[in-house]
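Novice: For reference, the sequence and a predicted model appear below.
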Amino acid sequence: FALGITIEDMNLRVWHHSRSLLSVSDPIDFATEINLVISLFSSIAQQTEVDIGWDSTIERKLDGQYVFTIGSKRYTTTKELATYRADAMLGSATRVYKAKDERGHKVAIKDSWRDIDRDHEGSIMKQIL
C-alpha cells in the first residue's frame with residue numbers, strides 16, 4: 001500500500017494505492033478548508049501501521065529474508081521460488097518461498113494479496129474437489 005498527499009496551487013489531494021485499487025480524493029482547498037486539513041493530518045498521525053494496512057504477520061530480516069507468523073507458528077524464508085507479478089502495481093503479487101519452521105522442517109509458503117471479499121484458496125479447493 002501507499003498513502004500520499006499532493007499539493008498543486010492551493011489544492012490538496014489524498015491518494016491511496018493498494019494491490020486492488022488506486023483512489024484519490026476530490027481536491028481540498030487548504031486555504032479555505034484548513035479545519036478539514038488539520039483533521040486529516042491528525043487522523044493519519046494517530047493511525048498505527050496495522051490501521052493503515054501494514055501486515056504485522058510478516059517481518060523482514062536484515063539479510064533480506066522474511067519471517068511469516070501463521071497462527072502460532074513462525075516460518076523463516078530461505079529462498080525465493082517464484083515472484084509472479086510481485087512488482088506489478090495491481091494484482092495478487094503472488095510470491096512463493098522455500099522456508100523452515102522453528103524446528104527446521106522445510107515448507108513452501110505462498111504469499112499473495114487477496115481481496116477481502118474473496119474466499120481463501122483452501123475454501124475454493126474444497127468447493128472444487
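Specialist: Received, thanks.
Novice: How much space separates the closest residue to Pro27 other than its chain neighbours from Asp55?
Specialist: By the measure of Cβ to Cβ, 6 or more residues apart in numbering, the closest residue to Pro27 outside its immediate chain neighbours is Asn11, 3.8 Å from it. Any C-beta I mention is one placed from the backbone N, CA and C, and that applies to glycine too. According to Cβ to Cβ, to the nearest Å, Asn11 and Asp55 sit 32 Å apart.
Novice: follow-up on the earlier one: return the residues in contact with the residue nearest to Pro27.
Specialist: For Asn11, the contacting residues are 27-30, by Cβ atoms under 8 Å, 6 or more residues apart in numbering.
Novice: Among those residues, which one lies nearest to Val50?
Specialist: Closest approach to Val50 among those (Cβ to Cβ): Ile28, at 26.2 Å.
Novice: per-residue pLDDT, the closest residue to that closest one other than its chain neighbours?
Specialist: In space, Ile28 comes closest to Leu12 once its chain neighbours are excluded; the distance is 4.7 Å by Cβ to Cβ, 6+ apart. What the model reports as pLDDT for Leu12 is 95.
Novice: so who does Pro27 touch?
Specialist: Going by Cβ under 8 Å, 6+ apart, Pro27 touches 11-13.
Novice: Narrow the residues you listed to those in strands?
Specialist: 11-13 (DSSP state E).
Novice: Now render the residues you listed as CSV, adding distance to Tyr75.
Specialist: Shown next, in CSV, are these (distance: Cβ to Cβ, whole Å):
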residue, distance to Tyr75
Asn11, 46
Leu12, 42
Arg13, 40
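Novice: which one among the residues you listed gets closest to Asp63?
Specialist: Arg13 (38.5 Å).
Novice: For the closest one, give its distance to Gly71.
Specialist: If you go by Cβ to Cβ, the gap between Arg13 and Gly71 works out to 40 Å.
Novice: ok, now Asp117?
Specialist: 23 Å.
Novice: How about Gly104?
Specialist: Look at Gly104 and Gly71: by Cβ to Cβ, they are 18 Å apart.
Novice: Can you identify the element that follows the biggest strand by length in the chain toward the C-terminus?
Specialist: Determined from DSSP E, the single longest strand within the chain is strand 73-82. Next in sequence after strand 73-82, counting helices and strands by DSSP states H and E, comes strand 95-101.
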